[in-house]
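*Asks:* What follows is a predicted structure for the sequence shown.
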Amino acid sequence: MIFMVELKFNKGAIIHDAGSTKNYKTGDWRTFKPSIDKSKCIKCGKCWMNCPDGAIRKTKDGFFEINYDYCKGCLICEKMCPVKAISHEVEEK
Ligand code: SF4
Ligand code: SF4
């Protein structure tokens with residue numbers, strides 16, 4: 001006997017077209033929200049180099065900032081920071 005099961009997914013977690021990620025602000029998937037403490041940052045760029053979503057950008061003063069429109073809260077940046085300048089809190093929805 002075969003049972004048919006209808007699965008329903010929310011559209012929010014789908015990127016429809018290749019190369020179109022910039023068109024979809026995916027930061028609302030985030031559970032953890034990282035932040036950078038500039039007073040500890042040594043400007044090494046490791047967070048920027050390792051962010052899988054390209055959600056970290058360099059600022060004019062040589063520091064780095066997180067673009068929360070695209071940050072998904074994986075916390076790789078926090079793991080990579082050699083001076084523990086990045087910490088996180090649970091995202092408030
Ligand atoms: S938490 Fe993940 S997605 Fe967000 S800035 Fe850090 S490395 Fe990038
Ligand atoms: S990894 Fe840490 S110390 Fe290096 S640029 Fe990023 S926040 Fe600054």
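*Replies:* Perfect, I can see it now. Numbers count the residues shown, from 1 in each chain. Ligands and ions are numbered 1, 2, ... in the order given.
*Asks:* pLDDT score for F3?
*Replies:* For F3, the model assigns a pLDDT of 66.
*Asks:* go on, G12?
*Replies:* For G12, the model assigns a pLDDT of 56.
*Asks:* low-scoring stretches of the chain, by residue?
*Replies:* Low-confidence segments of the chain, defined by pLDDT under 70: 1-16, 18.
*Asks:* Could you pick out the residues of it near ligand 1 for me?
*Replies:* Applying C-beta under 6 Å from any ligand atom, one finds that the chain approaches ligand 1 through 34, 51, 53, 55-56, 66, 71-77. (C-beta placed from N, C-alpha, C; glycine too.)
*Asks:* residues contacting the residue nearest the centre of the chain?
*Replies:* Centroid-nearest residue in the chain, with C-alpha atoms, centre = their mean: C71, separated by 2.1 Å. Neighbouring residues of C71 by C-beta atoms under 8 Å, 6 or more residues apart in numbering: G27, R30, K33, P34, C51, D53, A55, I56.
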